[in-house]
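Colleague: Using only what follows, build the 3D model:
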Amino acid sequence: MYTPIFAMTPCRMTWLPVFSGMVAGLVVLLVWKAFHWNAMMYEIVPGFIANILMILIVDRFAGLKNPETEKEFETMVAEIKAFRTE
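Modeller: Predicted coordinates for the structure are as follows:
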């Protein structure tokens, strides 16, 4: 769904929150279509909400950290700050 947006924002985003968000969105999509609730609302809306919630919850509680990714994130933040001051 829209997991690339979240992959760019938090510095500790790993595969687990992204994958769990995609699975949650898929499950909601399948349930929504199975119960024919798409007459009430297009299935992407609840799928997107489930995706966002799952990404935030798993990212908060999984606690996975990749030192290399965090270092790259900090380097990029420093480069952006240096570019803005020029």
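Colleague: Buried ones in the helix or strand containing residue 18, by neighbour count?
Modeller: Using DSSP states H and E, residue 18 falls within helix 15-34. Buried residues in helix 15-34, counted by 16 or more other CB atoms under 10 Å: 17, 18, 20, 21, 22, 24, 25, 28, 29, 32. Yep, even glycine has a C-beta here, placed from its N, CA and C like the rest.
Colleague: Downstream of it, the next helix or strand is which one?
Modeller: Counting by DSSP H and E, the next helix or strand C-terminal to helix 15-34 is helix 44-62.
Colleague: what's the angle between that following helix and helix 15-34?
Modeller: Between the axes of helix 44-62 and helix 15-34, defined by axes from the mean of the first three to the mean of the last three CA atoms, to 10 degrees, the angle is 150 degrees.
Colleague: Which strands or helices does helix 44-62 pack on?
Modeller: helix 3-8, helix 15-34 (3 or more CB pairs under 8 Å, 6 or more residues apart in numbering; DSSP states H and E).
Colleague: Now tabulate these in a markdown table and tack on distance to residue 56 and mean pLDDT.
Modeller: Shown next, in a markdown table, are those (distance: least, CB to CB, whole Å; pLDDT from 0 to 100):
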| stretch | distance to residue 56 | mean pLDDT |
| --- | --- | --- |
| helix 3-8 | 8 | 58 |
| helix 15-34 | 8 | 92 |
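Colleague: will you turn the ones you listed into TSV that also has distance to residue 69?
Modeller: Formatted as TSV, the helices and strands packed on helix 44-62 follow (distance: least, CB to CB, whole Å):
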stretch	distance to residue 69
helix 3-8	10
helix 15-34	11
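Colleague: Please name whichever of those helices is nearest to residue 83.
Modeller: Distance to residue 83, taken as CB to CB, is lowest for helix 3-8 among these, at 17.0 Å.
Colleague: ok, and the closest non-adjacent residue to residue 37?
Modeller: residue 43 (7.5 Å; CB to CB, 6 or more residues apart in numbering).
Colleague: Surely the one you found is in contact with residue 34?
Modeller: No: with contact defined as CB atoms under 8 Å, residue 43 does not reach residue 34; the gap is 10.4 Å.
Colleague: Spit out the contact partners of the closest residue to residue 27 other than its chain neighbours.
Modeller: Leaving aside its sequence neighbours, residue 27 sits nearest to residue 50 (CB to CB, 6+ apart; 7.4 Å). Going by CB atoms under 8 Å, 6 or more residues apart in numbering, residue 50 touches 21, 24, 25, 27, 28.
Colleague: Cool, thanks, talk later.
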